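> how does the following fold in three dimensions:
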Amino acid sequence: MTTKSAAAASVATAYGYPRQGRGRELKKAIEGYWKGSVTAEVLLATAADLRRGNWQQLADSGVEEVPTGDFSFYDHVLDTTVAVGAIPPRHRDAVEADPLDGYFAMARGNQDVAPLEMTKWFDTNYHYLVPELGPDTVFTANPAKAVGELREALLLGHAARPVLVGPVTYLLLAKPAPGVAADFQPITLLDRLLPVYAELLAGLRAAGADWVQLDEPALVQDRTPAELNAAARAYRELGALTDRPKLLVASYFDRLGDALPVLAKAPIEGLALDFTGPAAANLEDLAAAGGLPGKRLVAGVIDGRNIWINDLEKSLTTLATLLGLADTVDVAPSCSLLHVPIDATLERDIDPQIARWLAFAKQKAAEAALLARGLREGTGAIAADLAANRADLASRAGSPITRDPAVRARIAAVTDADARRAQAYPQRAEAQRARLGLPLLPTTTIGSFPQTTELRVARADLTAGRIDGATYRERMEAEVREVIAYQEKAGLDVLVHGEPERNDMVQYFAEQLTGYLATRHGWVQSYGTRYVRPPVLAGDTSRPHPMTVDWFRYAQGLTDRPVKGMLTGPVTMLAWSFVRDDQPLADTARQVALALRDEVVDLEAGGAAVVQVDEPALRETLPLRAAARPAYLDWATEAFRLATSGVRADTQIHTHMCYAEFGAIMTAIDDLDADVIHTFLRGIVLVIRKIRAPRDAGCGCHVIAASVAEGDWPPGIPRRLGR
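Residues are numbered from 1 along each chain as shown. Have a look, this model is predicted:
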């Protein structure tokens, strides 16, 4: 096919869409079902309505091929576990008795069984449920969900493409089941799994699927030759099937690298590639691999993970190059749109100037449709849209919201010395022992105490105007008094105020920093029915006034024991926000770090002898490719030190990390140069007692006490990591 005919055939599509509904109807229905106030029939009907609404929104935006199978009650990887019959033995009775209740038992656990482990989906803020596999795992095809949702879309008149997690990624994301040797590699089950995928594909073809998308994002990570050979074998065998739809293999979040020629040579009909951020390198790699002659390319030229408008002319340039590398080129966001909110037009409280710069899921679908039209009909057909886009981009680039000369001057004046404590750790430790007088093994908590129903009601009453600020503060102060008294009674050495006034560990600070803005309807799924509203970092950041000092002073005035000042670190502030994309992330991190530095210094001036700056996102934001990690860790650790290095030697700096395995970045953790580090170190921390919270209640990793056997300290690990 010629470049001209490839352009004429271009359509817009998407890999997935937010599941929750504009009013989070899915969350409400599921939680109602768990409580017994919503029947299974009502829950299923709500889900069907939401799917219909999603497909119609995509179609109304101009998307000509909609995804199916991306909708989920809890998680799409869990859905894949059900589809391939890999139900853990402890959950089988529950699944057989009631498939819906059994599904939720795998997701959340119940009084009889523990749930599947939950962890981050690559480097996003979404969490998936980890499959548990072993040598005895038997796979069985269960195509009911995939086939049923495809038929729904086809009956409504949509051109639909089912989406499944690919077999290689599914196995690479899995872990050994309980009781299985830790060195068991689930990828060895590939030959056992492929016939099940063959059954799923045959079932979808019989139901009317022309194409099926198999997502293989695990291939954008560094992979061994054996893993790449497994991918080649998987798609050689699936491609050789006769009873199947056409296959579109999708990757996203980074460049495919060595996996690209593997997939390009496979007997499949198409590839979907990300061309945003670090994945922009896929363009050069694709050309070097000889393109995709005779195949379909779905070009992800719109950032599906962030909320800024697309540079349409830049994307058209990329698409024009791609037209010469494939038989057909279709346009899409770079990944599923479940990582962004639904509709920016709902945000009526945002400055109209900033609103022009935002594109949520609905707007990104429309951008894809506009670009596809531009390819088919030429840029003249969308000239007015291109002009409006240029104006919006120029508005953002030239806005005083985006660029604050004072912030930029301060950044320019930063020296290496600003990101280093004036004294080395041994000297600081001695000064801190003298000031704090703590025992050899001091005890503390991580920081936040439960956000009770009473606290949430008080916050809602304040927002709704049912109580005034003074009444709200009285209620929060009462909670602080109770928390301090409880810790004193428990015998803890270093106390916290419990953070009752904080709605979220990032949003609370974002609402008080310049450059940030909050949305009212910008909900994004974190896991299951847990939705968050990430703040939007739109411009240069500074701290106009102290954010936590008054609360610290109040709490410290209630006790003779030291109370920690509690802050969220710069990397976590970025990782759990929609961050600006118009400057290097390292520059944005330095701006946030300097704002936090002002707070740390003010806490010290207010009497704080201990300040904790939490960085749980340090590990989870680690780039997917090893080659990019040293540069990231350099600026990430520098940002932490910049935030914390303005205090005296006798002020103790803590940090806390959770949610991830940190063994791979121990050197970087030491480079933070914190005095005390709270984390979980397998093989190092020998005794840990925790306050455990239910999965759906937030982080359950509040360390009360830890001890380390003196003779078991591993070589090469800094001593202070054991605090």
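
> contacting residues for the closest residue to Y531 other than its chain neighbours?
What sits nearest to Y531 in space, not counting adjacent residues and going by C-beta to C-beta, 6 or more residues apart in numbering, is W523, at 4.3 Å. C-beta coordinates here come from the backbone N, C-alpha and C atoms, glycine included. By C-beta atoms under 8 Å, 6 or more residues apart in numbering, the residues touching W523 are 20, 24, 341-342, 531-533.

> next, give me the two most distant ones among these.
Taking C-beta to C-beta as the measure, the contacts of W523 reach their widest spread between I342 and V532, a distance of 14.0 Å.

> neighbour count: the two, which is higher?
The residue with more neighbours, out of I342 and V532, is I342; 26 against 16, by other C-beta atoms under 10 Å.

> whichever strand or helix holds Y486: how far from the chain's middle?
Using DSSP states H and E, Y486 maps to helix 469-490. The chain centroid and the centroid of helix 469-490 are separated by 33 Å, computed with C-alpha atoms, centre = their mean, to the nearest Å.

> isn't S10 up against A326?
No. Shown here, S10 and A326 do not form a contact pair, counting by C-beta atoms under 8 Å, at 10.6 Å.

> which parts of the stretch 501-650 of the chain are helices?
Using DSSP state H, counting those that start in this stretch, the helices found in the stretch 501-650 of the chain span residues 507-510, 549-556, 570-575, 585-605, 617-620, 629-644.

> so which of those helices is the most packed in?
Per-stretch averages of neighbours, counted by mean count of other C-beta atoms under 10 Å, single out helix 570-575 among those, with a mean of 26.

> what's the span of stretch 318-335 from first residue to last?
One end of stretch 318-335 sits 17 Å from the other (C-alpha to C-alpha, to the nearest Å).

> for it, buried residues please.
Along stretch 318-335, the positions that meet the burial threshold by neighbour count (16 or more other C-beta atoms under 10 Å) are 318-319, 321-323, 325-335.

> pLDDT at the residue nearest to Y531, what is it?
pLDDT for W523: 97.

> can you give the domain ranges for this structure?
The chain resolves into domains spanning 3-18+49-81+131-398, 425-449+491-722 when parsed by automatic domain parsing.

> so for the longest one, mean pLDDT?
Summarised as a single mean, pLDDT over domain 3-18+49-81+131-398 is 97.

> in which helix or strand does the spatially most central residue of the chain reside?
Compute the mean C-alpha point of the chain, and by C-alpha atoms, centre = their mean the closest residue is N125, 1.2 Å away. Element membership for N125, per DSSP H and E: none, as it lies in no helix or strand.

> how close does it get to A649?
In this structure, N125 lies at 36 Å from A649, with C-beta to C-beta, to the nearest Å as the measure.

> which residues sit against the strand ranked longest in the chain?
Longest among the strand segments of the chain by residue count, using DSSP state E, is strand 292-302. Applying C-beta under 8 Å, 6+ apart, the external contacts of strand 292-302 come out as 13, 15, 246, 248, 250, 252, 264, 268-276, 279, 286, 310, 315, 318-319, 322, 325-335, 359, 364, 367-368, 371.

> in helices, which of these appear?
When the contacts of strand 292-302 are checked against helices (DSSP state H), the matches are 264, 286, 315, 318-319, 322, 364, 367-368, 371.

> list just the nearest of those residues to A589.
Among the ones in helices among the contacts of strand 292-302, K364 lies closest to A589 (C-beta to C-beta), at 25.7 Å.

> residues contacting the closest one?
In this structure, K364 makes contact with 302, 304, 310, 333, 337, 340, judged by C-beta under 8 Å, 6+ apart.

> quick one: which of the residues you listed has the most company?
P333 (31 neighbours).

> so what's it bridging to?
Here P333 sits in beta bridges with I302, going by DSSP bridges.

> these two touch, right, it and I307?
No. Using C-beta under 8 Å as the test, P333 is too far from I307 to be in contact (11.7 Å).

> thinking again about what came up before, nearest to R435, of the contacts of K364?
Here the nearest of the contacts of K364 to R435, counting by C-beta to C-beta, is V340; it sits at 46.8 Å.

> looking at stretch 589-603 now, give me its mean pLDDT.
Averaged across stretch 589-603, the pLDDT comes to 98.

> now do it: distance to the chain's middle.
Worked out by C-alpha atoms, centre = their mean, stretch 589-603 lies 24 Å from the chain centre.

> which residues of the stretch 1-150 of the chain fall in strands?
For the stretch 1-150 of the chain, strands defined by DSSP state E, counting those that start in this stretch occupy the ranges 66-68, 118-120, 127-129, 132-133.

> helix or strand next in line after whichever strand or helix holds A409, which one?
Element membership of A409, judged by DSSP H and E, is helix 405-412. On the C-terminal side of helix 405-412, the closest following helix or strand by DSSP H and E is helix 425-436.

> just the buried positions in that following helix, please.
425, 428-429, 431-432, 435-436.

> which one of the residues you listed is nearest to G62?
Checking the buried residues of helix 425-436 against G62 with C-beta to C-beta, the nearest one is Y425 at 58.6 Å.

> re the thing from before, for the strands of the stretch 1-150 of the chain, which one sits closest to L190?
Using C-beta to C-beta as the measure, strand 132-133 is the one of these that comes nearest L190, at 11.0 Å.

> how far does the closest one sit from its chain's centre?
Using C-alpha atoms, centre = their mean, the distance from the centre of strand 132-133 to the centre of the chain it belongs to is 23 Å.

> given it, what are its sheet partners and their directions?
For strand 132-133, the pairing partners within the sheet under DSSP bridges are strand 175-176 (parallel).

> and for the partner strand, what's in contact with it?
Among residues not part of strand 175-176, those counted as contacts by C-beta under 8 Å, 6+ apart are 117, 130-134, 182-184, 186.

> likewise stretch 583-597?
Applying C-beta under 8 Å, 6+ apart, the set of residues contacting stretch 583-597 from outside is 407, 410-411, 414, 513, 515, 537, 540-543, 567, 569-571, 573-574, 579-580, 613, 635-636, 638-640, 642-646.

> try it again at 7 Å.
Contacts of stretch 583-597 from elsewhere in the structure, counted by C-beta atoms under 7 Å, 6 or more residues apart in numbering, are 407, 410-411, 414, 513, 537, 540-543, 567, 570-571, 573-574, 579-580, 613, 635-636, 639, 642-643, 646.

> same deal with stretch 126-133?
Residues external to stretch 126-133 that are found in contact with it (C-beta under 7 Å, 6+ apart): 75, 77-78, 81, 86, 88, 106-107, 116-121, 170, 173-175, 177-178, 186, 189, 338-339, 525-527.

> hang on, the earlier thing: now for the helices of the stretch 501-650 of the chain, which one comes closest to G398?
When the helices of the stretch 501-650 of the chain are ranked by distance to G398, counting by C-beta to C-beta, first place goes to helix 585-605 at 18.0 Å.

> now find how far off-centre the closest one is within its chain.
23 Å.

> surely D602 is in contact with M547?
No. Shown here, D602 and M547 do not form a contact pair, counting by C-beta atoms under 7 Å, at 8.8 Å.

> neighbours of A9, how many?
A count of neighbours around A9, defined by other C-beta under 10 Å, yields 15.

> do you know how far it is from R255?
Separation of A9 from R255 (C-beta to C-beta) stands at 26 Å.

> do L156 as well
36 Å.

> higher neighbour count, those two?
A direct count of neighbours by other C-beta under 10 Å for L156 and R255 places R255 higher, at 24 against 14.

> distance-wise, check A12 relative to V329.
Distance of A12 to V329, computed by C-beta to C-beta: 11 Å.

> cool, D254 as well?
With the distance defined as C-beta to C-beta, D254 ends up 21 Å from V329.

> just to revisit the earlier point, got a markdown table for the ones in helices among the contacts of strand 292-302, with distance to E501 too?
What follows is the ones in helices among the contacts of strand 292-302, written out as a markdown table (distance: C-beta to C-beta, whole Å):
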| residue | distance to E501 |
| --- | --- |
| A264 | 54 |
| L286 | 51 |
| S315 | 43 |
| T318 | 46 |
| L319 | 49 |
| L322 | 51 |
| K364 | 35 |
| E367 | 39 |
| A368 | 42 |
| L371 | 45 |
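
> having no further points to raise, I will conclude here.
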